[in-house]
Structures are given as C-alpha cells and as structure tokens.
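[1] Predicted model, plus sequence, below.
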Amino acid sequence: MTLLDVQDLQVELMTEAGVVRAVDGISFTVDRSETVTLIGESGSGKSTTAMAVQALLPERLAVVSGRCVVDGVDVVARPREAGKLRGRTIAMIPQDPMTALSPVATVGRQLGEVLARSEPGLSRSARRERATDLLDSVRITDPRRQLDAYPHQLSGGMLQRVLIAIALAIDPHLLVADEPTSALDVTVQAGILDLLLDLQDRTSAGILMITHDIGVARLVSDRVHVMRDGRFVESGEVEAVVGAPQQDYTRRLLDAVPRLGAWTDGGVA
Ligand SMILES: Nc1ncnc2c1ncn2[C@@H]1O[C@H](COP(=O)(O)OP(=O)(O)OP(=O)(O)O)[C@@H](O)[C@H]1O
C-alpha cells in the first residue's frame, strides 16, 4: 500500500486580503523508504501542502478538498483520525529548531515526554536509556550528559538533531520535513541531511521534503515536484528534472542557486 497518496488536493485559505487558492489540484505519492520533494519559490504552496497532509490547517480558515490518504486514512475526509496519526504514524521536523523546543525544560525531559506518550509502559529509567539511545542515533556525542542540557546550551545543528530524535521516538512511517536545514549554518546542513538519509535507511520511513533549495532536493530526493502558484509545473526523477528541466520556471529556479560572483535580485518570474 502506498504510504501517502494525495489526489487532486486543493486548499483555499481565508486571508485578510480575501480567499487565496494556495494549493490548486496537485496529486503525488510517497512510498516507504522514498524521499519525495516539493520544491518551489516562497509562496508557491509547499508549506500549505505539508500542513494539509497532516490535517494541521485551521478548519475555520482553510477549505480543503481532494484526497490525502496516509497509511489508509483519508485525513481530508476524516480530520479527527488524522490527529491520531500525528505523533504515531506521521512526525514533523520543523524549520526552525531554535524555537521548536521549550526553553524551560531539559532536552531529556522533552524527549521523555514524547516517549511517555508513545511507550506508556516504560519505567522512568528505561525512558532515560531509550532517550540516551535516541540521542546517540542522531550522532550526538556524550548523549547522557546532553539529556540534562537546556535548549539554549546547544547549537542550531545540535538542536535539529534533538528534534530529529524526538521525531524518531515515535518510529514514524512518514516524516514531513519542512525546510529542515534552512535555518542552519551551511557548514552543518549537509550533516543533517546525511543523518536523515541514514535514518531512513534504518527505519524505511518515507520522507516528504519541502525546500526552496535545489541543492537540498538534489541530495536527498528520489522524485521531485516543482511547484508554482499552487500547482506542479514539472515532476519526475530528481536527476531528470535537475539535469534536463523541461520548464522555464524550473530552469530559472536552478539558475537562482546562489553562486559566488555577481548578485542579481531578480527572483524567479
Ligand atoms: N497565514 C496566511 N495568511 C495569508 N496568506 C497566506 C497564509 N499562509 C499562506 N498564505 C498564502 O498561501 C500561498 C501559499 O503559501 P505557502 O506558505 O504554502 O507557500 P510556500 O511555498 O511554503 O512558501 P514559504 O517557503 O515562504 O513558506 C501564498 O500565496 C501565501 O501568500
């Protein structure tokens, strides 16, 4: 069975300026062990899609139609059941690790709270062991000591590793990663992406990756969908799309990859 099956998804957002059709009839799938990337400029509808897949759009402000089936459950038709999938089947890796954790609780406590929900039978000491193993699995050195650290004591890259450990604590089938490296220093970005791929190998999770960065897409994706104004303008295997883009928009997106040298402020028209 396909892990995530999205068919003709449409999302209209009620904004102060009126109704915006943020997602306009897109269809795609993600299987276990597969990474599918939505790539596009800011405002193209990527994050709205990621939120719709998790039934996280505010009901009063968003009209969602189409099908969005996660592990056999259509989260558009049955948003209440989607709540049960979150934190069990679906986990999210957020964009900004600096603000995603509570500043007043230690890493160990925040990881422990997730474990207490996902594995209620664990004793306190077993939870601590499991939390240590999880930090170890995201390559945090001296994990036992880091359990007692507060978020402000860790770097952005370390915090993103902690958030990945928290996501993994529930053994998710589907990971939704919305720009997981864009808030991080370039020197640690590749390490985080490499870690995600390594964990995917071990867990067979499917990944829905959201990025505006063609370098990220190229590194992690099996397939990509290029998004513009709520629609897919081009889809395919990553090497085909990046190597021989068929659409002008994709070509301009590729050309917009920052290079050393002249700075142009053109964006992608
Ligand atoms: N809270 C909001 N209020 C008003 N408009 C919104 C809101 N959220 C999204 N939109 C609009 O919906 C459309 C899709 O936005 P979305 O955030 O999904 O795009 P995106 O590709 O993820 O961009 P970004 O990378 O900047 O997050 C845009 O036209 C955007 O202006």
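    Structure received.

[2] Any figure for the gap between the residue in the stretch 101-250 of the chain positioned nearest to the ligand and Glu179?
    Residue nearest to the ligand within the stretch 101-250 of the chain (Cβ to the nearest ligand atom): His212, separated by 5.6 Å. C-beta: built from backbone N, CA, C; applies to glycine. From His212 over to Glu179 the distance is 7 Å, taken as Cβ to Cβ, to the nearest Å.

[3] Next: Arg139.
    For Arg139, the distance to Glu179 (Cβ to Cβ) stands at 21 Å.

[4] can you check Gly121 too?
    Distance, Gly121 to Glu179, by Cβ to Cβ: 36 Å.

[5] what about those two, which has more around it?
    More neighbours surround Glu179 than the other of Gly121 and Glu179, with 20 against 6 (other Cβ atoms under 10 Å).

[6] confidence score at the spatially most central residue of the chain?
    What sits nearest the mean C-alpha location of the chain, by Cα atoms, centre = their mean, is Ala177, with 1.1 Å. The model reports Ala177 with a pLDDT of 95.

[7] ditto for Arg32
    At Arg32, the pLDDT value in this model is 96.

[8] mind listing the helices for the stretch 101-250 of the chain?
    107-118, 124-137, 143-146, 156-168, 186-203, 214-220, 238-243, 248-255 (DSSP state H, counting those that start in this stretch).

[9] Rounded mean pLDDT for the longest one, please.
    Per-residue pLDDT over helix 186-203 has a mean of 89.

[10] for it, which positions count as buried?
    Of the residues in helix 186-203, Val188, Gln189, Ile192, Leu193, Leu195, Leu196, Leu199, Gln200, Thr203 count as buried by neighbour count, 16 or more other Cβ atoms under 10 Å.

[11] hang on, isn't the fourth one packed against Ala217?
    No - under the criterion of Cβ atoms under 8 Å, Leu193 lies out of contact with Ala217, with a separation of 10.5 Å.

[12] can you list the weak-confidence ranges in this structure?
    Counting by pLDDT under 70, the chain shows low-confidence ranges at 257-269.

[13] next one: phi and psi at Gln10?
    For Gln10, the backbone dihedrals (degrees, to the nearest 10) come out as phi -130, psi 140.

[14] Could I get the full set of strands for the stretch 1-150 of the chain?
    Counting by DSSP state E, counting those that start in this stretch, the stretch 1-150 of the chain has strands at residues 4-15, 18-30, 35-40, 62-70, 73-74, 90-93.

[15] Which among the ones you listed is found nearest to Arg251?
    Shortest distance between Arg251 and those, using Cβ to Cβ, is found for strand 35-40: 13.1 Å.

[16] Give me every residue in the stretch 151-269 of the chain lying close to the ligand.
    Contacts of the stretch 151-269 of the chain with the ligand, taken as Cβ under 6 Å from any ligand atom, map to His212.

[17] domain ranges for the protein?
    Per automatic domain parsing, the structural domains of the chain span 1-89+174-261, 99-171.
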